[in-house]
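*Asks:* sequence plus the predicted model coming up.
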Amino acid sequence: MVGGLQYLTLSRPDISFAINQLCQFMHNPRTSHLQVVKRIFRYIKGTLEQGLIFHKSNDFTLRSFSDADWAGSVVDRRSTKMDWKP
């Protein structure tokens, strides 16, 4: 189960930290670790619409989207909306 969850982290980075922590105990798993696995499965079931989607394409252009500009406001160093066009 944990191996499958590790594979799922490729498209679901929101669970990466929890899976990483869980994997550290796989040499000696306990009942509490199984409970964590079940909780993660319930979370995934409730958030099926989230995650990264990979499409097959012959276009090798890298595109990314972000909602922050790394504290771009000179006045208070908070993130602001930034419009950028190549």
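*Replies:* That came in fine, so what should we check first?
*Asks:* check contacts around the residue nearest to the spatial centre of the chain.
*Replies:* For the chain, the residue nearest the mean C-alpha position is Pro13 (1.4 Å; CA atoms, centre = their mean). Counting by CB atoms under 8 Å, 6 or more residues apart in numbering, Pro13 touches Leu52. C-betas here are computed from N, CA, C, even on glycine.
*Asks:* if I look at it, how far off is Gln50?
*Replies:* 10 Å (CB to CB, to the nearest Å).
*Asks:* quick check: longest helix of this protein.
*Replies:* Longest helix of the chain, by residue count under DSSP state H: helix 31-46.
*Asks:* which other residues reach that one?
*Replies:* 1-2, 5, 8, 12, 15, 18-19, 22, 25-26.
*Asks:* distance to Val75 and secondary structure added to those residues, as a markdown table?
*Replies:* Below are the contacts of helix 31-46 laid out as a markdown table (distance: CB to CB, whole Å; DSSP: H, G, I helix; E, B strand; the rest coil):
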| residue | distance to Val75 | secondary structure |
| --- | --- | --- |
| Met1 | 50 | coil |
| Val2 | 47 | helix |
| Leu5 | 43 | helix |
| Leu8 | 42 | helix |
| Arg12 | 37 | coil |
| Ile15 | 37 | helix |
| Ala18 | 37 | helix |
| Ile19 | 40 | helix |
| Leu22 | 43 | helix |
| Phe25 | 46 | coil |
| Met26 | 49 | coil |
